[in-house]
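Visitor: My questions are about this predicted structure, shown below with the sequence.
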Amino acid sequence: MKTVDLNADMGESFGDWRLGQDEALMNIVSSANIACGFHAGDPDVMARTMRLAAARGIGIGAHPGFPDLQGFGRRRIEIPAGTLANMIRYQLGAALAMARAAGGTVRHFKLHGALSNMAAADPDLARTCFAAAREIAPDIILVVLAATPMEAAARALGGPWAGEIFADRAYNADASLVDRRQPGAVIHNAADAARRMRAMIGAGAILTADGTHIPARIDTICVHGDTPEAVEIARAVRAGLETDGLIIAPFGG
């Protein structure tokens, strides 16, 4: 039977400040993208989230972003390539260590927020990030925004990768995500999100806001953990896909 991964961004709390419903989501998804302390999270949050994921057999991923706690990593920052590569090594190194201490293993690597959006449009930037990650984790699975230049960068670099689409975001005609500042960019209705994901998986394509069909390899579906309706969306998406006969399981790359 066909399988598909369902992932969520987690570990985004900081100190006593709480964001997201990580424990509830881990009962639904098959992979977790865990913040590495730059855009969200801290050592205690990372440790707690890694332990939860390892205990539940959830696929663990490093989720590095810009050093932007105040902006949650969603503000664009221009950073020299060498510095950016070091930032990636630093965050992934922390994730590898924390996962090992928690009894787990980091399987995948997924860029966060503005860094991801920039890499989706700029294959050179994507390659800088991916090459830095592969230097210290040669077999790590690169999670890429499907059908974008980020995917092209991963293909050119070689090694395992997984194509991702988003349950709670609208798409432009070039497979990029609609800017969060635009109306309708973020999908809050769980039934709508489930319907869209069933349609995209069935079509093997990204279906955009203007009706464009973009053929894509879809290995994993993301639900943003900071969306207030994240648990409801994840539950509805999983139920819809299982109704269509799919098995929810971590991707293989």
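Guide: Perfect, I can see it now.

Visitor: Tell me how far Pro149 lies from Met10.
Guide: Separation of Pro149 from Met10 (C-beta to C-beta, to the nearest Å) stands at 27 Å. C-beta here means a position set from N, CA and C on the backbone, and glycine is covered the same way.

Visitor: likewise Ala234?
Guide: 11 Å.

Visitor: between the two, what contacts are shared?
Guide: Shared contacts of Ala234 and Met10, defined by C-beta atoms under 8 Å, 6 or more residues apart in numbering, are found at Leu25.

Visitor: circling back to that earlier point, please say which of Pro149 and Met10 ends up with more neighbours.
Guide: Neighbours per residue (other C-beta atoms under 10 Å) separate Pro149 from Met10, with Met10 holding more: 34 against 21.

Visitor: Can you name the residues bridging to the more buried one?
Guide: Here Met10 sits in beta bridges with Ile34, as judged by DSSP bridges.

Visitor: Next, the contact list for the residue most central in space within the chain, please.
Guide: By C-alpha atoms, centre = their mean, the chain has its centre lying nearest to Lys110, at 5.2 Å. For Lys110, the contact set (C-beta under 8 Å, 6+ apart) comprises Asn7, Asn33, Gly61, Ala62, His63, Ser116, Leu142, Val143, Glu164.

Visitor: Quick check: the gap between the closest residue to the first one other than its chain neighbours and Arg89.
Guide: Spatial nearest neighbour of Asn7, chain neighbours left out: Ser31 (3.9 Å); criterion: C-beta to C-beta, 6 or more residues apart in numbering. From Ser31 over to Arg89 the distance is 22 Å, taken as C-beta to C-beta.

Visitor: Between the two, which has more neighbouring residues?
Guide: For Ser31 and Arg89, the more surrounded residue by other C-beta under 10 Å is Ser31, and the numbers stand at 28 against 16.

Visitor: buried sites along the helix ranked longest in the chain?
Guide: Looking across the chain with DSSP state H, the single longest helix is helix 81-101. Neighbour-count burial for helix 81-101, counted by 16 or more other C-beta atoms under 10 Å, picks out Leu84, Ala85, Met87, Ile88, Arg89, Gln91, Leu92, Ala94, Ala95, Leu96, Met98, Ala99.

Visitor: re the thing from before, the contacts of Lys110 into CSV, with extra columns for pLDDT and secondary structure?
Guide: Listed next are those as CSV, based on pLDDT from 0 to 100; DSSP: H, G, I helix; E, B strand; the rest coil:
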residue, pLDDT, secondary structure
Asn7, 98, strand
Asn33, 98, strand
Gly61, 98, strand
Ala62, 98, strand
His63, 98, strand
Ser116, 97, helix
Leu142, 98, strand
Val143, 98, strand
Glu164, 98, strand
